[in-house]
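J.: Need the 3D shape of this:
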Amino acid sequence: MLQSRLSGRETQFVIVFVLVVSMAGCGGSNSSSTPTAPTSAAPAGPATATLTGQVVSLNGGAPIAGVAVDANGVAATSDSQGMFTVTIPTGVAAERFVLTAPQILSRTVFVARTTRTLRLDAIRTDDGGFDAAYYRQLVRNGFESTTGLQPLRRWTRSPSFYLKTVDEAGVPMDPQLVDMVEADIRLSVSLFTGGQFDVAALERGLETRETTTGWITVKWLGAPEPGVCGRAHIGLERGGTIEFSYLHASGCECDGSRIRHKTVRHEVGHAMGFWHVDNSQDVMSNRNFSCHTMPSSRERFHAGIAYARPVGNTDPDIDPSTTVRAAPMLVAN
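T.: Below is the predicted model:
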């Protein structure tokens, strides 16, 4: 199973560059007075790079054998230790690697030409933990969308929260209710990011941070809206909001609280980049009306995988071309 901090489980591979240059021939002379014709310079051969790497499992870290590796049209297959080698022409800023095998989700990643070490990981689908259909629901809106799967949306930093102390009608909020919401926010951020992020800052007041990057503003509806207990922007890092319906007439109360704990955790899940799922037992179901549901192990597992991928990653597991893997240059050649 995926551990709480996926970003820490990286296996690297070494990329070695070999520049191939033909040597030009030099003309000579003999003792004869008859001059010899100069030798023509041989044409320069193409510059190449030999890349040696290892394919590992994102959800587990073990090497993966039998993965077909396509590096801009040059093919190789990973061995029993996940190792492979390809020799490719130089001259491009980044190489496009495509990984395919029956036991993985097809993976496309772009590798920086100057990178010496990096990870090439793939999501295993045969270990009983990863469910591609569920992942598409949670991460790509595959349950409710009628227009196709969404690219991955997630935060790239620890979020900050601004909790308003009055509702949208200007009525002061009960501090104990705000305390409860704050506690559930602090709990949920780590769970929905694979332990990668916590709350960076949390403030209260009469203002808003709706246009401030890195902040989520928590607002309180000043009048009940039928069927609405909460709503949130999906993974909006540049000043998103979460809204809660807390009035008695809203029908969102539970166990004496004006807002369900489950509702707070659900809306934080949206804010961190996730969509509705079809399992009514999960926090991200919109058919779960319990008071205290926590994010399930399945939700946390798949959310952690999403937080090991860059923003804009698309189905099945394709990084955007603007995202180039460039790990520290640990090996100089």
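
J.: Please make it C-alpha for all contacts and neighbour counts, starting now.
T.: Fine.

J.: so where is the stretch 201-333 of the chain shaky, pLDDT-wise?
T.: 325-333 (pLDDT under 70).

J.: residue nearest the centroid of the protein?
T.: Arg309 (2.3 Å; Cα atoms, centre = their mean).

J.: what about the helices in this structure?
T.: 132-140, 175-191, 261-271, 297-306 (DSSP state H).

J.: hang on, the earlier thing: the residue lying closest to the residue nearest to the centre of the chain once chain neighbours are set aside: neighbour count?
T.: Computed as Cα to Cα, 6 or more residues apart in numbering, the closest residue to Arg309 that is not its neighbour in sequence is Asp319, at 7.6 Å. By the criterion of other Cα atoms under 10 Å, Asp319 has 23 neighbours.

J.: I'd say Asp319 and Leu120 touch.
T.: No. In this structure, Asp319 is not within contact of Leu120 by Cα atoms under 8 Å, at 12.0 Å.

J.: wouldn't Pro320 be in contact with Arg309 here?
T.: No. With contacts counted by Cα under 8 Å, Pro320 stays clear of Arg309, the gap being 10.3 Å.

J.: longest strand anywhere in this protein?
T.: Ordering each strand of the chain by length in residues (DSSP state E) puts strand 48-57 first.

J.: Remind me what that one packs against, helices and strands.
T.: strand 13-18, strand 83-89, strand 120-122 (3 or more Cα pairs under 8 Å, 6 or more residues apart in numbering; DSSP states H and E).

J.: tell me the angle of that strand relative to strand 83-89?
T.: Strand 48-57 and strand 83-89 are oriented at 150 degrees to each other (axes from the mean of the first three to the mean of the last three Cα atoms, to 10 degrees).

J.: got the residue ranges for the strands in the stretch 151-300 of the chain?
T.: Ranges of strands in the stretch 151-300 of the chain, per DSSP state E, counting those that start in this stretch, are 160-164, 201-205, 215-220, 230-232, 240-244.

J.: Given the fourth one, what are its sheet partners and their directions?
T.: Taking DSSP bridges as the criterion, strand 230-232 forms sheet pairs with strand 240-244 (antiparallel).

J.: could I have the strand it pairs with exported to CSV, CA atoms only?
T.: In CSV, the C-alpha atoms belonging to strand 240-244 read as follows (Å, rounded to 0.1, in the frame of the first residue of the first chain):
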residue,chain,number,x,y,z
GLY,A,240,-10.6,29.5,-3.8
THR,A,241,-13.5,29.3,-1.3
ILE,A,242,-15.5,26.9,0.8
GLU,A,243,-19.0,27.7,1.8
PHE,A,244,-21.1,26.1,4.5
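
J.: Run the angle between it and strand 160-164 for me.
T.: Using the same axes, to 10 degrees: strand 240-244 against strand 160-164 is 40 degrees.

J.: Strand 240-244 relative to helix 175-191, how many degrees between them?
T.: Going by the same axes, to 10 degrees, strand 240-244 makes 130 degrees with helix 175-191.

J.: which residues are in contact with strand 240-244?
T.: Under the criterion Cα atoms under 8 Å, 6 or more residues apart in numbering, residues 210-211, 215-221, 229-233, 259, 267-268, 271 lie in contact with strand 240-244.

J.: ok, and the closest non-adjacent residue to Ser80?
T.: Ala65 (4.7 Å).

J.: is it true that the one you found touches Ala76?
T.: No. Ala65 is beyond contact range of Ala76, at 11.5 Å (criterion: Cα under 8 Å).

J.: what distance separates stretch 120-137 from the middle of the whole chain?
T.: 14 Å (Cα atoms, centre = their mean, to the nearest Å).

J.: what does stretch 134-148 give?
T.: Using Cα atoms, centre = their mean, the offset of stretch 134-148 from its chain centre is 16 Å.

J.: repeat for stretch 72-89
T.: Counting by Cα atoms, centre = their mean, stretch 72-89 is centred 25 Å from the centre of its parent chain.

J.: now swap in stretch 258-268 and tell me
T.: 24 Å.

J.: Just the residues contacting that stretch, thanks.
T.: 177, 181, 184-185, 188-189, 229-232, 242, 244-248, 252-254, 283-284, 289-295.

J.: Are any of the residues you listed buried, and if so which?
T.: In the contacts of stretch 258-268, burial by neighbour count holds for 181, 184-185, 188-189, 229-232, 242, 244-247, 252-253, 283-284, 289, 291, 293-295, counting by 16 or more other Cα atoms under 10 Å.

J.: excluding its backbone neighbours, what's nearest Asp126?
T.: Asp126's closest residue in space is Gln103 (Cα to Cα, 6+ apart), at 5.5 Å.

J.: Now for the one you found: which residues touch it?
T.: Counted by Cα under 8 Å, 6+ apart, Gln103 has contacts Arg124, Thr125, Asp126.

J.: Find me the pLDDT at the first one, would you?
T.: This points to Arg124. As predicted, Arg124 sits at a pLDDT of 95.

J.: Number of residues surrounding it?
T.: 24.

J.: And for the second one?
T.: Counted with other Cα under 10 Å, residues neighbouring Thr125 total 16.

J.: is it true that it touches Ser106?
T.: No. Applying Cα under 8 Å, one finds Thr125 not in contact with Ser106, separated by 10.1 Å.
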